[in-house]
Each structure stands twice: as C-alpha cells, then as structure tokens.
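In: no FASTA, just this:
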C-alpha cells in the first residue's frame, strides 16, 4: 500500500478535496494560494465520487464516499484532516427493506444549513435522496421522492441513474432542488412532502418530444447564494440560465465552442459570473480542438470568454466531469478543476491565470473546496 501523507491546516487555510477513481487526496494552502501541501492517498484503490467539508457547530469534519468491495458505497468521515477515519462495519446509507433496491454508489454529500447543524443530505445511485438529522449517525430515505409516480419512467444516463446535485435554497428552509440523470430537476417547497419536475425550457434532443416535462439529462446545476433566483445549468446538450429559481430556463450558449459539457461553477458572491469547461460532443467527450479552455461569463451568460493562460492549448484532449470543478470563497475567488488524466489546476484570480497544483493523480472525479476556521473548529 502507498505511504499516506497528511496535511496540517491552520486557521484561514483553503482546502481542496479531490476524489479520484483510486482514492482521495486533500490539498491545503494559505490565503495567498501560492504553495500547496498534499495529503493522501486516502482509501487507496477505492473510487471516491463524493466528498464534503462540514465546518458547522465547531467541526472540522471531512466526509468521503469510497466504494467498498463488500458494501458498495460507504460514508466515512474524519475530524482530524484525514489522520483517522470512521470505518462502519456495514453500509450506513442503505435502502430500507421493501424498496427492492441496493445502494450502488454515493454521488453527493451536502451539509445542511448553518441553523440545522445536525442535518446532512446524500444523493446516490440508484437515484435517491437520503437525509440524516443526527450529524450522519443514521440516514433515512426520502420516500416521497423515491415513490414519485414519474420515477418508473426515469432512465439511466451514461453514468447510471444517479441523483448528483442537491441545492438547498438559501432563503426558504423548506425548499430544495435535486437533479437526476436522466430525469431532470425536481423541487420540493414543503420539506419533501411533495415533489414536482422543474425543467421548463430545457431541451432533451435525444427524446421524440424535445421539451418534455421530465427526462432531461441534466449534468450539473448551480445556484447563487447572493441572489438565489439566479441559477445556471449544464445539460447533456444545452447551457442555460434561470432567473426564477429554476422554474424556467433560457439558453445562454453564446459564443462557446460546444454546449455539451459536465461541470459548471458559480461565483461565491457575483451572481452574474460563472465558469464552464465545454467538451466536443457526447460522442467525443474531450475538450474541443485539443485545447483546454475554461470559459467565464461576467454578464449572466450574455457572453463567454476563453480563459487559457497557463492551460495547454495543443494536444490537450482532456475530460472534466460534473463534480470536478469548484470555487473557493476568497477575494478574488479561486477556481479549481481536475481532469480524467489526473491533473489538478487552480486559479487564484477567477480564471485569469492558471497553474498546476498536482499532476499524475488517478482520474479525478470530484473537486470540493472549504475554508478552515480554527476559531470555531478543533
């Protein structure tokens, strides 16, 4: 087994959590974001498709969802930045008896709101939402979404039938949106009592009816914390913006080389700014023309500019997956993404310039960020 290195974060440090097909890695830097320290590999040999950081209620807790050979997806956590991890003897996220389903993979881990520090959410495959109300000790299936009358018609996408995005509305505690490949987006406004599709204007060109009520292959959705009505969506084909919390969507693929892609990130403060990484097509899922370009909008999708400084522009046939891009909360905002060839890139100036944080990692499938606060944490 490889020797595991450990990081020692300090107050104010930036963390970048990286999940790969062969384990997880933790990166830390100070607020200058000039030099990086690497920890890992954690769970070597296991695919880690979901990671999260929970800094609520004085915690410094990292969550990961490695694949177990015996139990499928497991949730494991560390309160000491990876020096030790919980190790459940059996699956802690599992379908109840009678659902005729078995957990295949954990795709998303989301801490609840600041005023509900014991609540966490988990999106899995087959597509389902789990909720914990005791800081991850126990998990329960959101049965009303699982038993939705449209569910029998949901079809798996290329990555399986997975619930990969969970958006907690900053203004309304009872409102939440989830995205499922390939069912589209669903919203609850009564804390899960009822769910309805919310895909008006999103195209499903692979279906006989291109604008169905549900069945879209949504790749990723992001929501502004400063202006929650502003959202961006990267579809299987199509790039969209919503100005009414996802009730309706407008195509904003203006000047991008392709409206096919996976990741999308939004600025932590400016609702008009977002970043995408287009891919050639659903047949050739690599960067167009062999150029690794991050496209940024600062006018809510009215236009997009290629950000290339420090990125390879020849023979760079890279792929960046749906959860492999994230932003930090600093000023200016940092942007990070990982590729299927194991390269981790970072920008400390909102994408104007880029540098390689790490190379030679296993294929990267998840990138998450956090800011450490030792004043509240351990």
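Out: Ah, there it is. What you see is a predicted model; the values in this text were computed from it and never measured.

In: how about the strands in the stretch 201-350 of the chain?
Out: Taking DSSP state E, counting those that start in this stretch, the strands of the stretch 201-350 of the chain run over residues 218-223, 231-235, 239-242, 250-251, 260-266, 274-279, 294-297, 305-307, 325-327, 335-338, 344-347.

In: Could you export those strands as JSON lines, including mean neighbour count and distance to residue 138?
Out: Backbone N, C-alpha and C define where each C-beta goes, glycine included. Output for the strands of the stretch 201-350 of the chain, formatted as JSON lines (neighbours: other C-beta atoms under 10 Å; distance: least, C-beta to C-beta, whole Å):
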{"stretch": "strand 218-223", "mean neighbour count": "24", "distance to residue 138": "28"}
{"stretch": "strand 231-235", "mean neighbour count": "26", "distance to residue 138": "31"}
{"stretch": "strand 239-242", "mean neighbour count": "24", "distance to residue 138": "34"}
{"stretch": "strand 250-251", "mean neighbour count": "13", "distance to residue 138": "41"}
{"stretch": "strand 260-266", "mean neighbour count": "24", "distance to residue 138": "32"}
{"stretch": "strand 274-279", "mean neighbour count": "25", "distance to residue 138": "36"}
{"stretch": "strand 294-297", "mean neighbour count": "23", "distance to residue 138": "40"}
{"stretch": "strand 305-307", "mean neighbour count": "17", "distance to residue 138": "44"}
{"stretch": "strand 325-327", "mean neighbour count": "24", "distance to residue 138": "28"}
{"stretch": "strand 335-338", "mean neighbour count": "27", "distance to residue 138": "32"}
{"stretch": "strand 344-347", "mean neighbour count": "25", "distance to residue 138": "34"}
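
In: Listing partners with orientation, what would you give for the helix or strand of the chain with the lowest mean pLDDT?
Out: In the chain, no helix or strand scores lower on mean pLDDT, DSSP states H and E than strand 72-73, which sits at a mean of 80. Applying DSSP bridges, strand 72-73 is found paired with strand 61-68 (antiparallel).

In: re the thing from before, need the next SSE after the least confident helix or strand of the chain, C-terminal direction.
Out: Using DSSP states H and E, the next helix or strand after strand 72-73 towards the C-terminus is strand 76-78.

In: Quick check: neighbours of that following strand in the sheet, parallel or antiparallel?
Out: strand 61-68 (antiparallel).

In: which ones are touching the spatially most central residue of the chain?
Out: Centroid check for the chain by C-alpha atoms, centre = their mean gives residue 323 as the closest residue, at 3.6 Å. Residue 323 makes contacts with 19, 49-50, 107-108, 164, 220, 263, 365-368, as judged by C-beta atoms under 8 Å, 6 or more residues apart in numbering.

In: Any chance of a PyMOL selection covering the buried ones in those?
Out: The following PyMOL line selects those of those that are buried, judged by 16 or more other C-beta atoms under 10 Å:
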select buried, resi 19+49+50+107+108+164+220+263+365+366+367+368
